[in-house]
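Trainee: heads up, no residue letters with this:
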């Protein structure tokens, strides 16, 4: 048997044992992991310096090398995150529903861990700590594959986390670090062992993962977000929200890429927003109707489907709300879209009919984020239409099972001419 | 463009329009469908008689031909089901959570339709009515593929349902009937248009679907369910539950296939259960330790992994609770498993550590069913570890979106040295 399959099978065995762990034992293991990181901080930093030196020898860019850095300050930050994770509500063991089927026959729907989660992430080593502790908190076994630039750091981190958690009672094999890209390809075929894949990286990478496996994937490829300025918008507010959605941080998935403007307010709004956006050094591309009002570069159909992740915004004039909704459902990525309007009915129509994870009224697209939503730790942002959608907190790493408490009841008694009747009394 | 992709794209467009429909309009459409079935009952029965005649010409078995029948009584039954579906709680528009992020900035997590559901089912034509009305109730567009034996019946039913619902305001194209197996193969590649596939049929068929698509699949291939009789079991209760789990209806996924018995009670229990099971004409196969107590056929490793769907039961003697849990997690299918014991702690350990959708204490495996659980209409039974697990009601056809209600807030105000603080007040 090859090594990846063996790791996955050991993970699956560990995941069975983790189903029964109390919150206390999982939090104790998290505490031990935090202590382990502090105790071995010098070793971690030394390994990280090796990775950074190698990255410099390989001529990696300064930005990438900076992302690779994991120093004492960052270790302390990871430790603080672990403590805040311990304080969070337990995603496991929550009673979602409870029904009396009949006297002495009670059904409970209770959250539990999913099983084995595979996470593939890029260079930042703090991601390894964050992901493995999220899985530990939620009682899931985890297979990890980090960026090869961080190989030494990832290796020592995984060893420390495994050793500390296992000494605190976690089953051996609950965490595995995969080494190579080939390992990832093999892992994607293991749909009997792995229950969920979470890829974190570039659009192309996430799309590759989504297209290469039958295992459910939680994540998003693109973030093509829209601001729609309605005829009934407060134009000052519209400028403010547009600029924030586009420019507050351009390199992220919840930044806006396209501005849609109702034809009725385009002559008043476009010159105003152009001035402010250009003051932020944002390049503008527009449809013909836009360019008849403000002199900017032309946009093509390709622009509507492009995630710039940069100081670039495409602008289109549309004939009212429904045209805006059609544009978004056609070209958007189902991530985050906002309408600026004073009309509540139009806002509700927009929020109902735009088929995206996050639909906003008079607010910047940049609010679409687990921390801002108050979810605590964020597992990722999902554009899936099942299981979890939008910013996903710890509860995305849980599923439920049905527990039925009886006294020897049999179905035969509830069948046939003298069948007992179910009471189906809902307690919760 | 080929016909299947075109149907799927039209379904997707229709699904966008369906996102905004009120409960009233969906229920009105259901009412219209029920009226349409009654009004065209003679036409439906005539089409069904053609299918049955063709099936006889083809030499199909009596059982299959009986399943194919859709007469006036069955149409009335479908109509009653539609009326009861109308009365059910709306799966769409439920407020799952509400948080004030800051004064005047409120986040809501609200259920909504998934989008486009593809359902592939076998010969019974009433399944078409049931599935399409479940999708209508939950605001989803649907692609259907039924058994070819029921082609005439399915055709007229789909026409009636489409016409009636569209006259009552549903968007054109919300329901499509696919014709051939080749259509199904093409459909499974359309992961941009189709959000969920629900296969209903044999194990092999479901497994084929699961292995042939990147679209999420809701369902179960096998139902290898276990009864474990613990040392602390009431043996009369254990006999009763074992017989019900195995024999009450053998051809279904929640019937038991393997009986596990703690070695301590095996000498007392096995002769007793053998007598009762053999009186039900159930064939028994056992491990060596079982056969040392009762003279039955030998069971092989293959038996532990077999879903008989027949009057056959495999029996294994195990050394206590944890050995039983290991056996179930190794050979089971994650469907339904029950423990018979008087000891609550052992029962809780079994229910926590057995990694199945449905885990029971002192109750027959046959209770694992949407109707018995009080879920109302049943979409199917899922052994997935994400989205929906066990018997799935209408809520399995819904997902949620995040709605953020603001007054022009921007993220820049919540960043930097003078950042505003989020309040994160949970209303729900």
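Mentor: Great, that's in hand. If you're wondering where the values come from, they're calculated on a predicted model, not measured in any experiment.

Trainee: can you pull out the low-pLDDT segments for the stretch 201-350 of chain A?
Mentor: Residue ranges of the stretch 201-350 of chain A with pLDDT under 70: none are present.

Trainee: which parts of it sit against chain B?
Mentor: Contact residues, the stretch 201-350 of chain A versus chain B (Cβ under 8 Å from any Cβ of the partner chain): A:210-211, A:213-214, A:216, A:234, A:237, A:240-241, A:243-244, A:248-249, A:325, A:329, A:338, A:340, A:347, A:349. All C-beta spots, glycine's among them, are computed from the backbone N, C-alpha and C.

Trainee: wait, what's in contact with residue A:324?
Mentor: With contact set as Cβ atoms under 8 Å, 6 or more residues apart in numbering or on different chains, residue A:324 has these partners: A:226, A:228, A:230, A:260, A:262, A:318, A:339, A:350.

Trainee: look up how far residue B:133 lies from the last one.
Mentor: Residue A:350 sits 29 Å away from residue B:133, going by Cβ to Cβ, to the nearest Å.

Trainee: ok so, going back, among the contacts of residue A:324, who's most crowded?
Mentor: Greatest neighbour count in those, by other Cβ atoms under 10 Å in any protein chain shown, goes to residue A:339: 31 neighbours.

Trainee: following the chain onward from the helix or strand containing that one, which element is next?
Mentor: If you go by DSSP states H and E, residue A:339 is part of strand A:336-340. Following strand A:336-340 in sequence order, the next helix or strand is helix A:344-353 (DSSP H and E).

Trainee: quick one: buried residues of that following helix?
Mentor: A:346, A:347, A:348, A:349, A:350, A:351, A:352, A:353 (16 or more other Cβ atoms under 10 Å in any protein chain shown).

Trainee: in CSV: those residues, plus distance to residue A:418.
Mentor: Formatted as CSV, the buried residues of helix A:344-353 follow (distance: Cβ to Cβ, whole Å):
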residue, distance to residue A:418
A:346, 58
A:347, 56
A:348, 52
A:349, 54
A:350, 56
A:351, 52
A:352, 49
A:353, 52
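
Trainee: what is the nearest of these to residue A:168?
Mentor: Nearest to residue A:168 among those: residue A:351, at 45.4 Å, using Cβ to Cβ.

Trainee: quick one: residues contacting that closest one.
Mentor: Counting by Cβ under 8 Å, 6+ apart, residue A:351 has contacts A:339, A:359, A:360, A:361, B:401, B:403.

Trainee: can the longest strand seen in chain A be found next to chain B?
Mentor: Longest strand of chain A, by residue count under DSSP state E: strand A:398-409. Yes - using Cβ under 8 Å from any Cβ, strand A:398-409 reaches chain B at A:399, A:400, A:401, A:402, A:403, A:404, A:405, A:406, A:407, A:408, A:409.

Trainee: could you list the paired strands of that strand along with their orientation?
Mentor: strand A:105-113 (antiparallel), strand B:358-363 (parallel) (DSSP bridges).

Trainee: what's the mean pLDDT across the first one?
Mentor: Strand A:105-113 carries an average pLDDT of 98.

Trainee: buried residues in stretch A:272-288?
Mentor: A:272, A:273, A:274, A:277, A:282, A:284, A:285, A:286, A:287.

Trainee: end to end, how far does that stretch reach?
Mentor: Distance between the two ends of stretch A:272-288: 18 Å, counting by Cα to Cα, to the nearest Å.

Trainee: residue A:391 belongs to a strand?
Mentor: Yes - inclusion of residue A:391 in a strand is indicated when DSSP: H, G, I helix; E, B strand; the rest coil is applied.

Trainee: do you know how far it is from chain B?
Mentor: 8 Å (Cβ to the nearest Cβ, to the nearest Å).

Trainee: cool, residue A:192 as well?
Mentor: According to Cβ to the nearest Cβ, residue A:192 stands 11 Å off from chain B.

Trainee: for that residue, helix, strand, or coil?
Mentor: Recorded secondary structure, residue A:192: coil (three-state DSSP).

Trainee: the domain parsing of chain A - what is it?
Mentor: As assigned by automatic domain parsing, chain A contains the domains A:3-218+A:393-400, A:225-367.
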